[in-house]
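1. sharing a model prediction with you, sequence too.
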Amino acid sequence: MLKIRPATPADASTIADFNHAMAVETEHLQLDRERLLQGVQAVIHDPAKGSYLVAESDDRNVIGQLLVTFEWSDWRNGVFWWVQSVYVHPDHRGQGVYKALYQETLARAQSAGNVCGIRLYVERDNRRAKQTYLSQGMHATDYEMWETDFVLTR
């Protein structure tokens, strides 16, 4: 039975490992492991930064994760929840792990009272992810993402 729960400090190392694997898999990036672990721990210890949900398998191993961060929308007088750092261990893909994580996120957002929507960004060529997000009722927007990054160089 799959269990979705908030991440705890004990999950930080696994989440950092998953984030590292995701960066290699999706963007061919090697992230600094210590910086990554510190970033994960910062979220777990400061709810103002965001929150991780993890998916736990029957044997109580973490097999997936999803991070929510926040963006204020003055146009909507509400908060967008941004889904980030989504990762499902390769051995558990196609088994509804992301769906369970997203459905829990959706339920929490709808009951929060101040959330105006859920957003995420996806790599331009990641067709599988796009199909997954479509299947959950999400749609592409008219916006492109632009940035100035002071940490990662591409």
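-> The structure has been received and is ready for your questions.

2. contacts for the helix or strand encompassing A55, please.
-> Secondary structure from DSSP states H and E places A55 in strand 51-56. The contact list for strand 51-56 (CB atoms under 8 Å, 6 or more residues apart in numbering) reads 2-7, 11, 14-15, 40, 43-44, 62-68, 85, 88, 92, 97, 100-101, 104-105. Heads up, the C-betas are built off the backbone N, CA and C, glycines and all.

3. among those residues, which are in helices?
-> 14-15, 40, 43-44, 97, 100-101, 104-105 (DSSP state H).

4. where does this protein dip in pLDDT?
-> For the chain, no stretch has pLDDT under 70.

5. what ranges do the strands span in it?
-> 3-6, 51-56, 62-73, 78-88, 115-120 (DSSP state E).

6. what angle sits between the strand holding A55 and strand 62-73?
-> Angle of strand 51-56 versus strand 62-73, following axes from the mean of the first three to the mean of the last three CA atoms, to 10 degrees, is 160 degrees.

7. picking up where we left off before, turn the buried ones among the contacts of strand 51-56 into a named PyMOL selection, would you?
-> In PyMOL, a selection of the buried entries from those looks like this (16 or more other CB atoms under 10 Å):
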select buried, resi 2+4+7+11+14+15+40+43+44+62+63+64+65+66+67+68+85+88+92+97+100+101+104+105
